[in-house]
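J.: no FASTA, just this:
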């Protein structure tokens, strides 16, 4: 049972990590568009990533529920959640 929880936590971490990596790149691109540099850029990127991270768990929860409703497991569940998170991110209104 303990191994199952460890595996689930690790797989969730792997799913979330690409989201943060893309958030980092997106935030840096936004900072470049605003022509920020130095401390202003660092502050903007840090806050932007934090804001993106705060939104990620809500999407993950909805996607997890969707996978559970469909009784998915293993690779099928991982693929479903990854696609669900990408779809939710694409459908989110741009700020």
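T.: Cool, the structure landed. From a predicted model like this one, the values you see are computed outputs, not experimental measurements. Numbers count the residues shown, from 1 in each chain.

J.: now the helices: where do they sit in this protein?
T.: 2-33, 38-69, 74-91 (DSSP state H).

J.: can you flag the weakest of those by average pLDDT?
T.: The minimum mean pLDDT among those belongs to helix 2-33 (a mean of 60).

J.: report how many residues lie close to residue 45.
T.: Close neighbours of residue 45, defined as other Cβ atoms under 10 Å, add up to 20. C-beta: built from backbone N, CA, C; applies to glycine.

J.: name all residues that make contact with it.
T.: 24, 27, 28, 31 (Cβ atoms under 8 Å, 6 or more residues apart in numbering).

J.: excluding its backbone neighbours, what's nearest it?
T.: residue 27 (4.7 Å; Cβ to Cβ, 6 or more residues apart in numbering).

J.: again with residue 81
T.: residue 63 (4.6 Å).

J.: thought the one you found was touching residue 80?
T.: Yes. In this structure, residue 63 is within contact of residue 80 by Cβ atoms under 8 Å, at 7.3 Å.

J.: those two: who's more crowded?
T.: Neighbour count, other Cβ under 10 Å: between residue 63 and residue 80, residue 63 has more, with 21 against 16.

J.: from residue 89, how far out is residue 52?
T.: The gap separating residue 52 from residue 89 is 9 Å, by Cβ to Cβ, to the nearest Å.

J.: returning to what we had before: residue 34 versus the residue nearest to residue 45, what's the distance?
T.: 11 Å.

J.: next, show the common contact partners of those two.
T.: In contact with both residue 27 and residue 34: residue 44, using Cβ under 8 Å, 6+ apart.

J.: and the two? Which one has more around it.
T.: The neighbour comparison of residue 27 against residue 34 (other Cβ under 10 Å) goes to residue 27, with 20 against 11.
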